[in-house]
Structures are given as structure tokens and as C-alpha cells.
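Quick check, what structure comes out for this input:
(one chain, ligands or ions: 1)
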Amino acid sequence: MNQLTLPTFPRDFVWGVSTASYQIEGAVKEDGRGPSSWDAFVAEPGRVLNGDTGDVACDHYHRYPEDTRLMRELGIDAYRFSFSWSRIQPGGSGVVNAAGLAFYDRLVDGLLEAGITPSPTLFHWDTPLELEQAGGWLNRDTAARFGDYAQILGTHFADRIPRWITINEPVVLTMLGYGAGIQAPGLALGFGALPAAHNLLLAHGLGVQALRSAGAQNIGIANNHAVTWPASEREDDLQAAGLYDNIANWVFADPLLKGSYPEELAPFLPPIPEGDMATISTPIDWYGINSYNPTLVGAPTTGDAALIDGHVLDSSLPFSLRELEGYPRTDFDWPVVPGAFTELLIGFKERYGDTLPPLYITENGAAINDGPGTDGRVRDQRRIDYIAAHLHALRGAMDAGVDVRGYFHWSLMDNFEWAVGFSQRFGLVHIDYQTQKRTPKDSYYWYQGLIRNSKGGA
Ligand code: BGC
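Residues are numbered from 1 along each chain as shown. As a prediction, this is how the structure comes out:
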């Protein structure tokens with residue numbers, strides 16, 4: 001597939017890239033940054049592939065001017081990065097660390113000078129360790145602390161930051177961090193993780209209110225969603241897939257967009273204090289969707305238990321994740337199914353109707369691990385194919401009436417891919433982790449051309 005066959009997008013469609021603090025910044029002990037849940041997690045033997053850590057990562061903390069130049073040349077409209085909470089408040093509450101704030105001042109000002117709209121996420125999983133040790137997201141107090149933190153950032157940046165994202169993917173932090181123990185903080189509580197979901201949603205609502213009261217506008221969230229397909233039309237598979245769909249998708253979207261949890265999940269949820277649902281459903285200006293691939297779900301099986309990225313989940317769960325056969329795969333072994341992206345977006349429109357705010361795609365991308373050839377060029381054609389196919393799928397949803405305002409590609413550059421360390425490369429820019437050399441890949445130049453064309457340029 002090449003550029004010529006690509007669909008067209010509205011002129012004011014926002015083109016961007018996404019990253020996250022712990023995945024790129026490094027400098028974990030600099031300028032007063034406090035430790036986060038991820039610093040503690042990576043220090044536990046066996047948690048992360050090859051013992052990789054985010055201690056240095058892409059050294060973005062020092063190399064942000066070069067990274068900003070790369071973004072300017074790429075031609076993006078907007079950059080989605082995340083603030084590291086423990087740089088701003090080293091213990092997650094109380095006093096503000098001026099040096100931490102100053103880093104983001106430099107970054108934001110540099111982006112504005114480069115003509116790029118800063119579109120930050122307040123929290124992308126790196127919980128200040130002190131809060132984690134006090135129960136983290138299982139502790140309702142963390143949501144209140146997040147509200148205070150949002151107030152600090154809103155007050156400081158509202159005049160310079162025109163688009164805000166509260167929290168990244170409460171679902172993944174809940175399921176992989178507290179449910180399955182694959183990511184920080186590494187707890188495997190199964191359904192016992194659901195209070196974390198509620199507290200994250202509450203934090204989001206408090207965050208929206210705090211940001212607005214500080215004068216910030218244009219606020220959304222970045223939620224991960226995947227179409228859930230049943231393994232068969234058998235009753236037990238349909239039931240298991242329905243339950244999983246609620247847990248993975250609607251627990252995180254319904255409270256925001258409808259003000260209630262899916263009824264089927266009532267038996268699994270803690271009692272909800274009066275007023276929480278109103279806070280959680282504080283209107284947002286737009287809704288962000290991160291999506292990579294669909295999920296195939298069936299009834300529980302003995303033998304092949306549920307699997308996420310090679311990790312075996314608790315086999316007593318009332319569902320099992322199945323291999324989706326017959327599709328190309330990324331190097332992370334994720335199936336490439338662009339049609340499921342269209343289905344997902346149309347499904348949102350059908351579920352929420354006219355109450356659905358405008359959507360942004362806040363993440364979409366593929367782990368394609370091609371490195372530089374002997375000539376130094378990175379020929380990651382499979383990433384180009386992935387993006388092109390997903391943009392077609394996105395355009396299909398827009399043509400069917402779904403209001404999508406922008407696309408942020410995950411990711412600007414290769415980075416620390418959580419439990420699998422540096423083994424998976426999602427970037428448009430290649431990082432040599434020995435030298436920190438940045439090499440724009442073929443996909444970078446392709447995305448650059450796409451943006452130019454879409455703006456009607458040469
Ligand atoms: C996360 C990113 C991650 C990406 C690829 C998303 O779930 O927000 O932090 O790197 O997926 O796995």
C-alpha cells in the first residue's frame with residue numbers, strides 16, 4: 001500500500017505522536033524526582049525482560065531539544081507526552097518540586113516555539129512510590145491526591161497547554177498492574193483489582209474538575225479499547241466474551257459516558273459512595289481511544305489458560321483469551337486486524353449515540369523491530385503498512401458517521417516497553433540504546449509525507 005492509495009482527512013484533522021514519561025525520560029534520580037511504582041518494579045528480579053529498566057531509556061530528559069526538532073521536521077500538529085508525577089511531587093502529595101516543573105516548562109516552551117501543540121497526559125502509570133506503598137490505586141486517597149496534582153499542573157500550564165489528557169488506560173493499569181501482576185505494582189488480585197478501576201475513574205473526574213477550575217480547557221482521557229470477539233457462537237463462549245468485554249471496555253467507558261457501570265458487573269464491584277458517579281461522569285470535551293488489535297475470548301479452558309503477551313493468567317478466571325488465527329502479526333505477536341478498528345469506533349457511536357463526545361485516537365501502532373541496514377536506513381515497511389491500513393479503517397468509521405478529530409501514533413521513538421523492556425520497538429524513530437543515536441525510520445518519512453499531503457502541501 002502506498003501514499004497514493006491513502007484516504008483523505010479533513011484539513012484540520014490533528015496529526016500527532018505519543019510517548020510516556022517513564023518509557024522515554026530516564027534521569028530517574030535527577031533534579032529531585034521521587035521514585036515511582038515502576039522504579040520499584042524494575043528493581044525486582046525477574047519482573048522485566050532482560051532486567052531492563054527506564055533508568056536511562058531514551059535519555060529524553062536531556063535530549064528533548066533534539067526530539068523536539070525531530071517532531072518539528074516530522075510536521076506533526078500535536079505531541080502527546082506525559083508528566084512524571086514524582087518529578088512534580090516527589091512523594092505524590094504536598095510540596096512541588098520546582099526543578100521537576102522546570103523541565104516541563106522547557107519542554108512545553110520548546111514545543112510551542114516549534115509550532116507543536118503540547119497535549120500532555122497527567123498520569124501514564126508511574127505512580128509516586130510513596131502513594132503506591134500506601135495502597136496505590138486500591139486506596140481511594142490516591143484519587144484525591146491526583147486531584148491536587150491536576151490542580152498544580154492546571155494552575156501552572158493552563159495558559160500554555162490547549163489540550164489535556166487526565167489518565168492513560170486505567171484498564172491496563174487495573175488488569176495488568178493489580179489484576180494479573182504483569183506490570184507495576186505487580187499484584188495479582190484477579191477481580192480484586194476492580195477497586196483500582198473505580199479509584200482511577202474517580203481520579204479522572206476529580207482531575208477534570210481541578211483542571212477546569214484552574215482554567216484549563218479541552219480535556220479528555222486516553223482509554224484502551226479492543227473489540228472483543230467470542231471464540232464461537234456457543235453459549236458459554238458468548239457469555240465469557242460478554243463478561244470480558246464489560247471488564248476490558250465498558251467498565252472504563254460507561255461510567256464516563258453514561259454515569260453508571262455495566263449492570264452485569266454489579267456483583268464484582270465494591271459499594272460505590274454517593275456522588276462518585278457524578279464526579280466520574282463530569283463532562284469531558286473529547287474521548288481518547290488507544291487501540292491496537294481485537295481480542296478473542298472464550299469460556300475458560302483447562303490446559304491453555306488465559307494469556308496476555310506470553311504471560312499465563314489465573315486459570316480460574318471465568319474466561320480465556322484465545323489466539324486469533326489467520327492474520328499477519330507484529331513482532332510482539334499481536335494480530336493485525338484493521339477491520340476491527342472500524343468496528344470498534346462504530347461500536348462506540350452505536351453504544352453512546354449522540355452523547356458520545358468527539359473522539360481522538362490517542363494511540364495506535366505496531367512493534368516492528370527492524371533496525372538499521374548496512375546503509376544505516378531503517379526499512380520498517382511493515383509499520384507503514386500497519387498505519388496505512390489503520391488509517392483506512394479509521395476513515396471508514398468516519399465515513400460511517402463517527403466524529404474523529406485526530407490521530408496520535410504510538411510512538412515517536414522506540415522506548416521502554418514495560419514488562420518486555422527494550423525488546424519491542426514501536427517508534428517512527430529508531431533508538432540505539434548504546435549510543436542514544438536517533439535514526440528516523442522509513443515510517444517517519446512516510447508519516448511526514450502523509451501529514452504534508454493531508455494539509456495540501458507539496
Ligand atoms: C500504552 C503504552 C504502550 C503501548 C504499546 C499502550 O497500552 O499506553 O504505554 O507502550 O500500549 O504496548
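
Give me the number of neighbouring residues for Glu44.
With neighbours defined by other CB atoms under 10 Å, the count for Glu44 comes to 11. Placement of C-beta: from N, CA and C, glycine included.

which residues does it contact?
Applying CB atoms under 8 Å, 6 or more residues apart in numbering, one finds that Glu44 lies in contact with Gly186.

Could you report the separation of it from Ala134?
According to CB to CB, to the nearest Å, Glu44 and Ala134 sit 19 Å apart.

Could you do Pro335 as well?
39 Å.

Get me the contact residues on the stretch 251-400 of the chain for the ligand.
Counting by CB under 6 Å from any ligand atom, the positions of the stretch 251-400 of the chain adjacent to the ligand are Asn290, Glu363.

quick one: low-confidence parts of the stretch 251-400 of the chain?
303-315 (pLDDT under 70).

Try it again at 80.
Within the stretch 251-400 of the chain, the segments meeting pLDDT under 80 span 302-316.

Just the helices from it, written as ranges.
Shown for the stretch 251-400 of the chain, the helices assigned by DSSP state H, counting those that start in this stretch span residues 251-257, 276-280, 338-352, 381-399.

Am I right that Ala193 is in a strand?
No. Under the criterion used here (DSSP: H, G, I helix; E, B strand; the rest coil), Ala193 is helix, not part of a strand.

In contact with it, which residues are there?
By CB under 8 Å, 6+ apart, Ala193 lies in contact with Leu138, Thr174, Met175, Gly177, Tyr178, Gly179, Leu187.

List just the nearest of those to the ligand.
Ranked by distance to the ligand (CB to the nearest ligand atom), the contacts of Ala193 are led by Met175 at 10.7 Å.

Tell me how many other residues surround that closest one.
Taking other CB under 10 Å as the criterion, the count of residues near Met175 is 24.

now Ala40
Burial measure for Ala40: 17 neighbouring residues, criterion other CB under 10 Å.

Same question for Thr342.
When counting by other CB under 10 Å, one arrives at 21 neighbours for Thr342.

Tell me the spacing between it and Ala389.
For Thr342, the distance to Ala389 - CB to CB - is 11 Å.

what's the answer for Arg452, then?
Counting by CB to CB - Arg452 and Ala389 are separated by 20 Å.

These two: which is more packed in?
Under the neighbour definition other CB under 10 Å, Arg452 and Ala389 were set side by side, and Ala389 has more, 18 against 14.

For the more buried one, give its distance to Leu257.
Distance, Ala389 to Leu257, using CB to CB: 28 Å.

What segments of the stretch 201-350 of the chain are strands?
In the stretch 201-350 of the chain, strands defined by DSSP state E, counting those that start in this stretch lie at 219-224, 228-230, 287-290, 295-298, 307-308, 311-312, 320-322, listed in chain order.

scratch that, the stretch 351-458 of the chain is what I was asking about
Shown for the stretch 351-458 of the chain, the strands assigned by DSSP E, counting those that start in this stretch span residues 359-363, 404-410, 429-432, 437-440.

ok, residues contacting the longest one?
So the one you mean is strand 404-410. Here strand 404-410 makes contact (CB under 8 Å, 6+ apart) with 13-18, 77-78, 80, 119, 286, 290, 345, 358-365, 387, 391, 394, 397-398, 426, 428, 447.

Also stretch 95-104?
By CB under 8 Å, 6+ apart, the list of residues contacting stretch 95-104 reads 31-34, 61, 83-84, 87-90, 120, 152, 156-157.

Out of the residues you listed, which sit inside helices?
With helices defined by DSSP state H, the entries of the contacts of stretch 95-104 inside them are Tyr61, Arg87, Ile88, Ile152, His156, Phe157.

contacting residues around the most centrally placed residue in the chain?
Compute the mean C-alpha point of the chain, and by CA atoms, centre = their mean the closest residue is Asn168, 4.8 Å away. Contacts were defined as CB under 8 Å, 6+ apart; by that measure Asn168 touches Ala20, Ser82, Thr121, Phe123, His124, Trp125, Ala222, Asn290.
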